[in-house]
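> Sequence and computational prediction follow.
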Amino acid sequence: MHAASSGTRVTGPGLDLDHIGLLCSTWAEWLLDRSEELIGVLTGMATRDSAVAELDSAVHVLRGGREEAARFAGRAGGRVCTFLPSNNVLYSYVLFGLMPGLWSDEVLLRPSARTRDVVLPLQELLRDLPHSPVALMDVSQRNFVELCRTAEMVVFTGRYENLLRIRESIPAGIPVLGFGSGPNPVVAGPRADVPEVVRATVEARLFNGGQDCLCPDLLIAHTSVYQEIAEGLSAAFGRVPRAPREQPGLVSPALFYADAFDAAAEFVESHRAKVRSGGQVDPHSRWLEPTVLEFPRLAEIHPPELFSPVLCLAGYSEPSEVRAWLESGTERARGMYVSVYGEPALSDPVLGTSVNCGAHTALDAEDGNQPFGGYGERASARWQNGEVVARPLLLSREAGRRPAEEPSRTSVAVR
């Protein structure tokens, strides 16, 4: 018998699903009971609407915990170590802390230095969470890596270059799950419902002021709808008010991350001639006006993760142009999600290495009880024993799995 720190028991062939269901229900209700306190902390870095959405996603994952555990076929026990991302700190606490705590002995989380001032107050609230399996480790990266050297699994969320460096410091036999980012492009085909594309793209691009790894960095519009899309985006961006993070509704706040602001402001300035709408930059307050940049040739633009309210717009005439772009070396390496509206020729479940969300944005399609990411090595990949296998990742599915094991590619599950 194995007893995890959360009290979950593993007996015989599987987990104690009834106990897991009780734990997940208890945690979900606890979060809901303290929702205003939690949202108050989260708005120290996130908009109110995104904080509410984050809490909702955390509760959704917990409510799906028993069903996810029923699919668990890995190896229970041991230590799981996670380098937390610098956004979605509550949701990440649930995904990378509570959920693996259902089948492991110990879960250690290290907060990002960028968000330490928000994560530590959040942890003060979460100390009262009953039966929590999580320990927050406010230690140096070097010291945390030492703890990772005896883990059953290590989760890294952050820059790909840092992942490579940390991977070298961890024994090769320990699986490292790397969660990165991608451009998550939106494709608007000739049959697209233009108002719906504009609405969905604007809401996704400006979610939390654009500071989320699932925000789309690029919209690719067919020539037949290009002008209508461009005009709709510019008008919609222009209606979003400049407001503080605490104000409900879709707002344009000051950016929380100084480095993201600097990178986005530099990107806009270096492409100043391509600004269709927006483009104002206020370095003093770290505010960047919601901005649309036009690039006439799709093949020439591979936007970085902008992490800001900046959207690139490009056109296409033939679906083969979009396929070629998604199959390019740059995009295959970072393929995550792609949304396709009204383009029947792009209906494959996976395009290049990007999972096709269909007529949904990546934010709407993401489900924390399902594998996350695409098939690009920079987006989501498992590293172990010198092998790198890029695929959508879910911790409970990866526990005990061999690196090369690959489930069939299926359409994304939409919440």
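All right, it came through fine.
> Return the set of buried residues in stretch 352-361.
Neighbour counts over stretch 352-361 (16 or more other Cβ atoms under 10 Å) mark 352-357, 359-361 as buried. Where C-beta positions appear, they are placed from N, C-alpha and C, glycine not excepted.
> Tell me where the stretch 251-400 of the chain has strands.
275-277, 281-282, 287-288, 291-295, 310-316, 337-341, 350-351, 354-356, 380-384, 387-390 (DSSP state E, counting those that start in this stretch).
> for the stretch 1-150 of the chain, that is, sorry about that
2-3, 9-11, 14-15, 79-83, 106-110, 134-136.
> mind checking which of those strands is nearest Gly376?
Closest approach to Gly376 among the strands of the stretch 1-150 of the chain (Cβ to Cβ): strand 79-83, 19.5 Å.
> Could I get the average pLDDT for the closest one?
The average pLDDT within strand 79-83 is 97.
> Can you show me the CA trace of it as PDB?
Coordinates of each C-alpha in strand 79-83 appear next as PDB, following Å, rounded to 0.1, in the frame of the first residue of the first chain:
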ATOM      1  CA  ARG A  79       8.400  13.300  -5.700                       C
ATOM      2  CA  VAL A  80       7.200  15.700  -8.300                       C
ATOM      3  CA  CYS A  81       9.000  19.000  -8.700                       C
ATOM      4  CA  THR A  82       7.700  21.900 -10.700                       C
ATOM      5  CA  PHE A  83       9.200  25.200 -11.800                       C
END
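> Can you name every helix or strand that that strand contacts?
strand 106-110, helix 141-148, strand 153-157 (3 or more Cβ pairs under 8 Å, 6 or more residues apart in numbering; DSSP states H and E).
> how many degrees apart are the first one and strand 79-83 in direction?
Orientation note: strand 106-110 sits at an angle of 10 degrees relative to strand 79-83 (axes from the mean of the first three to the mean of the last three Cα atoms, to 10 degrees).
> what comes up buried for strand 106-110?
So, applying 16+ other Cβ under 10 Å, buried residues of strand 106-110: 106-110.
> Look up phi and psi at Phe182.
That one is not Phe; residue 182 is Gly. Note on Gly182: its backbone torsions stand at phi -150, psi 170 [degrees, to the nearest 10].
> For Thr291, find the nearest of the helices and strands packed on strand 79-83.
Closest of these to Thr291 is strand 153-157, at 26.8 Å (criterion: Cβ to Cβ).
> and the next element down the chain from that closest one?
Where DSSP states H and E defines the elements, the next helix or strand beyond strand 153-157 is helix 160-168.
> which other residues reach the following helix or strand past that following helix?
Sequence-wise, the next helix or strand downstream of helix 160-168 (DSSP H and E) is strand 176-179. Here strand 176-179 makes contact (Cβ atoms under 8 Å, 6 or more residues apart in numbering) with 85, 153-157, 160, 163, 166-167, 170, 372-373, 380-384, 393, 395, 398.
> can you check stretch 69-79 too?
With Cβ under 8 Å, 6+ apart, stretch 69-79 has contacts from 2, 4, 10, 14-15, 17, 20, 102-108, 147, 150-153, 396-401.
> And it, end to end?
Using Cα to Cα, to the nearest Å, one end of stretch 69-79 lies 18 Å from the other.
> Same question for that stretch: list its buried residues.
Going by neighbour count (16+ other Cβ under 10 Å), the buried part of stretch 69-79 is 69, 72, 74, 76, 78-79.
> Next up, the contacts around Ala399.
Ala399 neighbours (Cβ under 8 Å, 6+ apart): 72, 74-76, 100, 103-104, 152-153.
> go on, Val197?
With contact set as Cβ under 8 Å, 6+ apart, Val197 has these partners: 186, 188, 219, 229, 232, 341-342.
> Then Tyr316?
220-223, 298, 322.
> which of those residues are buried?
220-222, 298, 322.
> Kindly reformat the residues you listed as JSON lines and extend each row with distance to Leu32 and pLDDT.
Output for the buried ones among the contacts of Tyr316, formatted as JSON lines (distance: Cβ to Cβ, whole Å; pLDDT from 0 to 100):
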{"residue": "Ile220", "distance to Leu32": "39", "pLDDT": "98"}
{"residue": "Ala221", "distance to Leu32": "40", "pLDDT": "98"}
{"residue": "His222", "distance to Leu32": "43", "pLDDT": "98"}
{"residue": "Leu298", "distance to Leu32": "44", "pLDDT": "96"}
{"residue": "Val322", "distance to Leu32": "42", "pLDDT": "98"}
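> I'd like these laid out as CSV, including distance to Val61.
Putting the buried ones among the contacts of Tyr316 into CSV (distance: Cβ to Cβ, whole Å) gives the following:
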residue, distance to Val61
Ile220, 31
Ala221, 34
His222, 36
Leu298, 36
Val322, 32
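> which one of those residues sits closest to Arg332?
Of all the buried ones among the contacts of Tyr316, Val322 has the smallest distance to Arg332: 13.8 Å, by Cβ to Cβ.
> returning to that earlier point: looking at the helices and strands packed on strand 79-83, which is nearest to Ala192?
Of all these, strand 153-157 comes closest under Cβ to Cβ, at 32.6 Å.
> thought Trp30 was touching Pro130?
Yes - the pair Trp30 / Pro130 is scored as a contact, 6.8 Å apart, by Cβ atoms under 8 Å.
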